[in-house]
Structure formats: structure tokens, C-alpha cells
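> Okay, structure incoming, though there's no sequence with it:
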């Protein structure tokens, strides 16, 4: 949708919009405004302009950019609110977002702001934004709005408060989804609290969900953290049998746990079992194995893995290349 009633052409229309949106920008922004507005702007391009608008304090221009970027199919990213710092007030920003085009444009902006505030560990401000979203009433709040809040609270070991956020969701009629469950599951498994993890699994089943890659990833990590490598291998076999894709992190934890147990041959067999299907994955798991063997001073085994990487044409990091060259390649 155009801001002009009858645009002469796409380039002229975009230039007119840009001139309006950037009228109070800094000198850096003025330089950018003198350049032709791209026919196909990207999210990164809009993020650059949004940062300049935010840094200059021109919230009217910032509002216009947020409206226009969604019209151009350039959705907000984690960099859209990059200009916010730990000391930045959101008192003026919230009313600005409340005046955005209703629907997707407004909700996307609010969600991005919540995400940025959580990255800055400003949970109370993030919850203030949620309150505004509730009062707005022009869109439905979804569970995804709460992901960053629950994640940072769990990361800060404030599990009880994270549970209170889930209660808040329920009060708003927002059903917790599998991602919410997985955030709690990962927290408990990373801490080695498998009793609490088992309770989360019961909640997952009770809510009618099935385990996905992140569910299994958390459980594998929990098994490895508590020294139950055999249990981790059972979970891996279950994933293979059920056709659940494995995350890179799942492989890394299994490799590390096997090596800690001194199961060098079994670790090599594990890597070879999953090799040959995805070259990027091969480079990661073979590289991970070689790096860990090198740190354990298992030079012979590390060199065997690196030789196979070379034969397969897999890329090596600088440290592995240096190790390979130093040890007689």
C-alpha cells in the first residue's frame, strides 16, 4: 500500500516516503537519504534506517519505517530495536507502537520490542509491553510473545517467576505450546534435575503434544549431565526410529559424554554412523570429535579423524589445520 494516492512510479514513491520518514535524522541518515531508495529493500536495510531514527529520537520517522517495512514484506528482526540500551526509556516508544497500522504490523513491532528488552535483561519492561498489548485489543496475543520472557527468566534461574508468566498466559487465554514446555525442560535438564524434567514430560503428554527435536535435545543433555550416557544413546536410537531430526547440539553432547567416559572407539563409530548424509553436519561432528581428541592429547586418534576429514573434503577450522600440520601431515 502506498502513502501517495497516485504514485508516478515505484522509485519516486519510495523516495517520497523516505524523505518523509527521515526528516529529522542525523548527518549519517541524511547521507543515506540522498541515495536512491532500493526497489527491493531488505530487512537489514530497514534495520539500519530504524537504528538511525531511534538514535536521533525521531519516533515519528521510526513509526513510518515500521509501517512501510511490513508493507514491503520486510519483517522486524532482533536488530530493529538495536538503538535501545539498558538506560533507554520506553515511555515514549510504547505510544509510538500503539499508533502503528493495526494487525500484523503492530503485533510484530511489539513482539520485537519484547524480544529486545529481554536480551537486555529488562523483564519488567517487557511485561509492561505485554500489558499494553493486552489493552490494545486489535490483535490476539500468542505464546510466541512470551518465549523470550520465559527464556530469560529460566536462564536467570527464576523458574518460579517463569511459571508465574505461564499463569499470566493462562489468565489471558493463551495456551502454552510445545516451545514453552521445552524451555522449562531444557532448564531442568541442563541443571541435571531429571525429576523436574519428568514432571514437564507429563505436562507435555497431558497437553497432547509429541516430543520434537528440542524435546529430545534437552533429554539427551540431561542424561549426559547426569552421567547416564547409555540413556542418552537410548534416546538417540529412539529419535532415529521415530524419524525425529537431530540438532547439532544433540550430537555434540553425545560425543563429549562418550569421550569423557573414555569410549574412544564407540565415539568414532557414532560419528561414522551419522556421517555421509550432510556435508555441513559431517564437518561439524568430525571437527568436534577431532578437537576434543586433540584437547585430550589423543594425537593418534585425532590425526586419524582429520585424515578422514581430508579424504571426505570436509572443511577444518584454523586450529584443526594448525594441529594437522604440526603433527606430520
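That came in fine, so what should we check first? Fair warning: this is a prediction, and the values are worked out from it, not measured in the lab. Numbers count the residues shown, from 1 in each chain.
> which outside residues touch stretch 286-305?
By CB atoms under 8 Å, 6 or more residues apart in numbering, the residues outside stretch 286-305 that reach it are 251-252, 255-256, 259, 264, 267-268, 271, 275, 306, 308-309, 312, 314-317, 319-320, 323-324, 327-329. Every residue, glycine included, has its C-beta placed from N, CA and C.
> okay, how far is it across it, tip to tip?
End-to-end span of stretch 286-305 (CA to CA, to the nearest Å): 7 Å.
> Please list only the buried members of the contacts of stretch 286-305.
Neighbour counting by 16 or more other CB atoms under 10 Å classes 251-252, 255-256, 259, 267-268, 271, 275, 306, 308-309, 314, 316, 320, 323-324 among those as buried.
> Take these and keep only those in helices.
Per DSSP state H, helices hold the following members of these: 251-252, 255-256, 259, 267-268, 271, 306, 308-309, 320, 323-324.
> Throw these into TSV and include distance to residue 79 and pLDDT, thanks.
Formatted as TSV, these follow (distance: CB to CB, whole Å; pLDDT from 0 to 100):
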residue	distance to residue 79	pLDDT
251	30	95
252	28	93
255	33	95
256	32	94
259	38	94
267	39	93
268	41	91
271	36	94
306	37	94
308	40	92
309	35	93
320	32	93
323	36	94
324	37	92
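> Point out where the stretch 201-329 of the chain drops to low pLDDT.
329 (pLDDT under 70).
> Which helix or strand contains residue 197?
helix 194-206 (DSSP states H and E).
> just to revisit the earlier point, could I get the ones in helices among the buried ones among the contacts of stretch 286-305 as a markdown table with distance to residue 112?
A markdown table is the format used below for those (distance: CB to CB, whole Å):
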| residue | distance to residue 112 |
| --- | --- |
| 251 | 32 |
| 252 | 30 |
| 255 | 36 |
| 256 | 35 |
| 259 | 41 |
| 267 | 42 |
| 268 | 45 |
| 271 | 39 |
| 306 | 43 |
| 308 | 44 |
| 309 | 40 |
| 320 | 38 |
| 323 | 42 |
| 324 | 44 |
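> ok, residue 82 touching residue 53?
No: using CB atoms under 8 Å, residue 82 is not in contact with residue 53, being 11.3 Å away.
> higher neighbour count, these two?
residue 53 (25 against 16; other CB atoms under 10 Å).
> what about that one, is that helix, strand or coil?
helix (DSSP: H, G, I helix; E, B strand; the rest coil).
> just checking, it touches residue 68?
No: using CB under 8 Å, residue 53 makes no contact with residue 68, being 11.7 Å away.
> And the pLDDT at residue 128?
With respect to pLDDT, residue 128 scores 96.
> Go through the helix or strand hosting it and flag the buried ones.
If you go by DSSP H and E, residue 128 is part of helix 123-136. Burial within helix 123-136, assessed by neighbour count using 16+ other CB under 10 Å, is assigned to 123, 125, 126, 127, 128, 129, 130, 132, 133.
> cool, stretch 185-198 as well?
Quick answer for stretch 185-198 (16+ other CB under 10 Å): 185, 186, 187, 188, 189, 193, 194, 196, 197.
> any idea of the mean pLDDT in it?
96.
> tally of neighbours for residue 249?
Neighbours of residue 249 under the rule other CB under 10 Å: 14.
> Centre of the chain to stretch 177-189, how far?
Centroid separation for stretch 177-189 versus its chain: 15 Å, with CA atoms, centre = their mean, to the nearest Å.
> count of residues packed around residue 61?
Count around residue 61 with other CB under 10 Å applied: 23.
> separation between residue 83 and residue 53?
8 Å (CB to CB, to the nearest Å).
> scratch that, residue 292 is what I was asking about
47 Å.
> ok so, going back, and the very next helix or strand once past the helix holding residue 128, what does it pack onto?
Per DSSP H and E, the first helix or strand lying C-terminal to helix 123-136 is helix 147-155. Judged by 3 or more CB pairs under 8 Å, 6 or more residues apart in numbering; DSSP states H and E, helix 147-155 is in contact with helix 104-119, helix 123-136, helix 159-171, helix 178-190.
> could you check the angle helix 159-171 makes with helix 147-155?
150 degrees (axes from the mean of the first three to the mean of the last three CA atoms, to 10 degrees).
> Report the angle between helix 147-155 and helix 178-190.
10 degrees.
> Quick one: distance of helix 147-155 to the chain centre.
For helix 147-155, the distance to the chain centre is 12 Å (CA atoms, centre = their mean).
> Can you give the contact residues for it?
114-115, 118-119, 121, 123, 126-127, 130, 159, 161-162, 165-166, 179-180, 183-184, 186-187.
> how about it: buried residues?
Those would be 147, 148, 149, 150, 151, 152, 153, 154, for helix 147-155 by 16+ other CB under 10 Å.
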